[in-house]
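>>> A predicted structure for the sequence below; I have some questions about it.
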Amino acid sequence: MDRIKLGRKAEEAAAEYIIEQGYIILERNCRFHEGEIDIIAEHQGELVFIEVRSRQSSVHGYPQETVNYKKQQKLKRLANHYLKLKRAWNRNCRFDVIGILFDEEGRIMSLELISNAF
């Protein structure tokens, strides 16, 4: 499965999973000049910025481990753009990460939601 299809499949699976967990999705693939926020949702009164990561093998680590310091800083800048755009500075916010590991046939082997990841 190519990277684009895998990414789309991961975002669909993540969206379905968080809805089951009581999240309300506000936006998906929210794009800014600097990048994109995969999912923006509300959960338990908080605005949640969600990064979805996926891989077809854990040989080089799990997908959620790829959200390094540099990526975290970028997501924080994008979230600030969103808050400014929506004039939502007074909202409690957090960052969640969802890591999805697929097998070679594209079936989900594991899905991990890390709430308040950074």
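Alright, I've got the coordinates.
>>> list the buried residues for stretch 51-63?
Using 16 or more other Cβ atoms under 10 Å as the test for burial, stretch 51-63 gives 51-56, 63. For glycine as for every other residue, the C-beta is placed from the backbone atoms N, C-alpha and C.
>>> so how far is residue 103 from residue 33?
Shown here: residue 33 relative to residue 103, a distance of 36 Å by Cβ to Cβ, to the nearest Å.
>>> mind listing which of the buried residues of stretch 51-63 are in strands?
Within the buried residues of stretch 51-63, residues falling in strands by DSSP state E are 51-55.
>>> nearest the geometric middle of this structure, what residue?
In the chain, the C-alpha nearest the mean C-alpha coordinate belongs to residue 51, at 2.0 Å (Cα atoms, centre = their mean).
>>> my read: it touches residue 100, true?
No: in this structure, residue 51 is not within contact of residue 100 by Cβ atoms under 8 Å, at 11.6 Å.
>>> fine by me, thanks again.
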